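Q: here is a sequence with its predicted model. Questions after.
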Amino acid sequence: MDPTITRLAYYATGLEYRDLSAAAVHECKRRLIDTLGCAVGGYGAAPAAIARRIAGGVRASPSARILGTGGRTAPELAAFANGVAMRYLDFNDAYAAKSTGHPSDVFAGVLAAADAAGAGGRSTILGAVAAYETFCNFSESVPREIGWDHVVHGVVACAVGAGKVLGLSRKAMGNAISLAVTPNLALEQTRFGELAMWKGAAAANAARNGLFAARLAAAGMTGPEQAIEGRFGLWRATGKFEWQPFGGRGGPFRVTQTHIKAFPSVVHSQSPITVALALHGEARAEDIEAIDIETYWVAERYADRKAALWHPATRETADHSLPYCVAAALIDGKVTGRTFSAARIRDPRIARLVGRTTMRENPEFSKRYPAEWPCRIEVRLRGGETRAAEVRYFKGHTGNPLTDAEIDEKFRELSRGRLDPAQCDKVLAAAWRLEKLRDVGELTGLFRFRSRKGRGGS
């Protein structure tokens, strides 16, 4: 295998549970609880229902659970079905360096691998930590917007995480990485224009393919030896990169460094929403004449006011539209899943404020990003008065983190109507003691949902 694959395979197979810091174990459990909550909240969404229908029609051995139904299917299809639900609300964690992404997407593949293998909690944590190291290292090494979606990071990360759960040898792990890289370059067009259902399914597909790569390697399948550094390898597509130092041996594990969202929308909206909520109540929406959003380089994406982000027609586009999120926050004083319902997307009051919004990049803010996520919003009212607020770290940022109690409350809120309070108690108790579970099925088996009444899809 080429040196880049070899280095990752060497790290992943050499990592042991005893190498993990107490902080890494604890933060892994926090992110798992957060991601499982997102899965419950996204369960009723149309893309998640489509994925479950496909997965539910397949019987396999070994098999893994489809969260919510209790049914079992091929591990790869369980990873896909569960992953779509986890991702749909755009509420799971995020990491930002040279590029951004959602490393908690890897739980779909790691949990399915562990469930199918009857693996214990420690093995699951170890696989997840290895997957986070892989995903976040890609984010630190590969620049943004070069044509390839960040789920390319996820497919390799899931191969590593699932391979760790399956106990792959160093040679087999190298093959799993190669088998994940070679057939799975995903286009970044997923996140541009009017966003389709696939926006919430792309990471789940990466989890499916990463787990499949690990299972192929476990069965003896070999992959191209120069999948990254070869003449037509990954470097040809992304440019040459080198891994940053991996976590452990005194260094922090990256699972401790991702941001857990407080709002179900794109990570770049978290600071603008935080500021808009601080301004809510300062003036009535009908008195607002202009909204000026000052942010970092992400403002570049909003230069074309004819683009879909200024006129969202789908939930997938609305939760990626900073002007929409800010307008809704100023009007409602909150941003929840209902903010992105079809009725709210058509609300003329939101459209009016979006039409009065401008966005611009502040070069100083761009210099401070991603160590900080600065945003300033100024609202001009009738008569010329102005109101302004600014933030450096949104709620949920590692510099302003959610508490364990807030993580639990987020899970309970997302689970409302699917799990009763007693079920929530059992899930949270099992997740917080994950390292003590002999079989991860003790946790995944608790996810049998009742029909949600009166709340729509998700």
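A: Received it, and whenever you're ready, just let me know what you need. A quick note: this is a predicted structure, and the numbers were derived from the prediction, not measured.

Q: okay, now the unreliable bits of this structure?
A: The chain contains residues with pLDDT under 70 at 451-458.

Q: all strands of it, in order?
A: For the chain, the strands defined by DSSP state E occupy 64-65, 72-73, 95-96, 100-101, 288-295, 357-361, 375-381, 386-391.

Q: check which residues of the longest one are buried.
A: Residues I288, I291, D292, I293, E294, T295 are the ones in strand 288-295 that count as buried (16 or more other CB atoms under 10 Å). The C-beta positions use only the backbone N, C-alpha and C, and glycine is treated the same way.

Q: that strand - contacts with which helices or strands?
A: Helices and strands touching strand 288-295, as assessed by 3 or more CB pairs under 8 Å, 6 or more residues apart in numbering; DSSP states H and E, comprise helix 270-279, helix 322-332, strand 357-361, strand 375-381.

Q: with the third one instead?
A: Counting contacts by 3+ CB pairs under 8 Å, 6+ apart, the secondary-structure elements packed against strand 95-96 are helix 121-141.

Q: buried set for the helix it packs on?
A: 121-141.

Q: same question for stretch 319-333.
A: Those would be 319-332, for stretch 319-333 by 16+ other CB under 10 Å.

Q: same question, stretch 210-220
A: In stretch 210-220, counting by 16+ other CB under 10 Å, buried: G210, L211, F212, A213, A214, R215, L216, A217, A218.

Q: cool, stretch 2-11 as well?
A: So for stretch 2-11, counting by 16+ other CB under 10 Å, buried means D2, T4, I5, T6, L8, A9, Y10, Y11.

Q: just give me the closest of those residues to A24.
A: Y11 (14.4 Å; CB to CB).

Q: tell me the contacts of the nearest residue to the closest one once chain neighbours are set aside?
A: Of all residues not flanking Y11 in the chain, F246 sits nearest, at 4.8 Å (CB to CB, 6 or more residues apart in numbering). Residues in contact with F246 (CB atoms under 8 Å, 6 or more residues apart in numbering) are Y11, E133, N137.

Q: just checking, the second one touches G247?
A: In other words, E133. Yes: contact criterion CB atoms under 8 Å: E133 and G247 qualify, at 5.3 Å.

Q: between those two, which contacts overlap?
A: With CB under 8 Å, 6+ apart as the test, E133 and G247 both reach F253, R254, V255.

Q: ok, how many other residues are close to the last one?
A: Summarising burial for V255: neighbours were counted as other CB atoms under 10 Å, giving 33.

Q: center of this structure - which residue?
A: Nearest to the geometric centre of the chain sits H102, at 3.1 Å (CA atoms, centre = their mean).

Q: and that residue, how far is that from L446?
A: Distance, H102 to L446, using CB to CB, to the nearest Å: 24 Å.

Q: next: L381.
A: 51 Å.

Q: higher neighbour count, the two?
A: Taking neighbours as other CB under 10 Å, L381 and L446 compare with L446 leading, 19 against 15.

Q: list the contacts for the closest residue to N205 other than its chain neighbours?
A: In space, and not counting its chain neighbours, N205 is closest to F80: 6.3 Å by CB to CB, 6+ apart. By CB under 8 Å, 6+ apart, F80 lies in contact with A51, I54, A55, A108, A201, A204, N205, A207, R208.

Q: out of those, flag the one nearest to E442.
A: Nearest member of those to E442, counting by CB to CB, is A108, at 18.7 Å.

Q: surely that closest one meets G161?
A: No: using CB under 8 Å, A108 makes no contact with G161, being 10.0 Å away.

Q: relative to D287, how far out is the residue sitting furthest away from the middle of the chain?
A: In the chain, counting by CA atoms, centre = their mean, G383 sits farthest out from the average C-alpha position, at 42.9 Å. Per CB to CB, G383 is found 8 Å from D287.

Q: give me the buried stretch members for stretch 54-69, please.
A: So for stretch 54-69, counting by 16+ other CB under 10 Å, buried means A55, G56, S63, A64, R65, I66, L67, G68, T69.
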